[in-house]
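> Okay, here's the prediction I keep looking at, along with the sequence it came from:
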Amino acid sequence: MSSLADKVIALTKPYLGLATDAFLTRQCGHLKIEISELTQAHLKDLAPWIQRSGALIMDAGKAAELAKKLAAL
């Protein structure tokens, strides 16, 4: 796994806990990549998916906060 993928997982885990891996796998699937293939270039496309999908399972404000943090990595 790339160090960027590890950072994304570590940043997401406080928000989603045990659901982190499944959630990120699904969101990376929208980009047609595996989480291990995640690069800096993917983050701008991944962040909106994180925000949209995250808002379905957690507070919308928290989802927006997470997306903003991920985009800034």
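The structure has been received and is ready for your questions.

> Against residue 10, how distant is the nearest residue to residue 28 once chain neighbours are set aside?
In space, residue 28 comes closest to residue 35 once its chain neighbours are excluded; the distance is 4.9 Å by Cβ to Cβ, 6 or more residues apart in numbering. (Each C-beta comes from the backbone N, C-alpha and C, glycine too.) Going from residue 35 to residue 10 by Cβ to Cβ, to the nearest Å gives 12 Å.

> the longest helix in the protein is where?
helix 40-57 (DSSP state H).

> Check which element follows it along the chain.
Remark: after helix 40-57, the chain's next helix or strand is helix 60-71, criterion DSSP states H and E.

> What separation do you get for the residue nearest to residue 28 and residue 9?
Distance from residue 35 to residue 9, by Cβ to Cβ: 7 Å.

> on that earlier part again, who has more neighbours out of residue 35 and residue 10?
Taking neighbours as other Cβ atoms under 10 Å, residue 35 and residue 10 compare with residue 35 leading, 21 against 10.

> thinking again about what came up before, OK, contacts around the residue nearest to residue 28?
Each residue near residue 35 by Cβ atoms under 8 Å, 6 or more residues apart in numbering is listed here: 1, 5, 8-9, 21, 24-25, 28.

> TSV please, covering those residues and showing distance to residue 67, secondary structure and pLDDT.
TSV is the format used below for these (distance: Cβ to Cβ, whole Å; DSSP: H, G, I helix; E, B strand; the rest coil; pLDDT from 0 to 100):
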residue	distance to residue 67	secondary structure	pLDDT
1	21	coil	66
5	17	helix	95
8	11	helix	97
9	15	helix	97
21	18	helix	96
24	12	helix	97
25	17	helix	96
28	14	helix	97
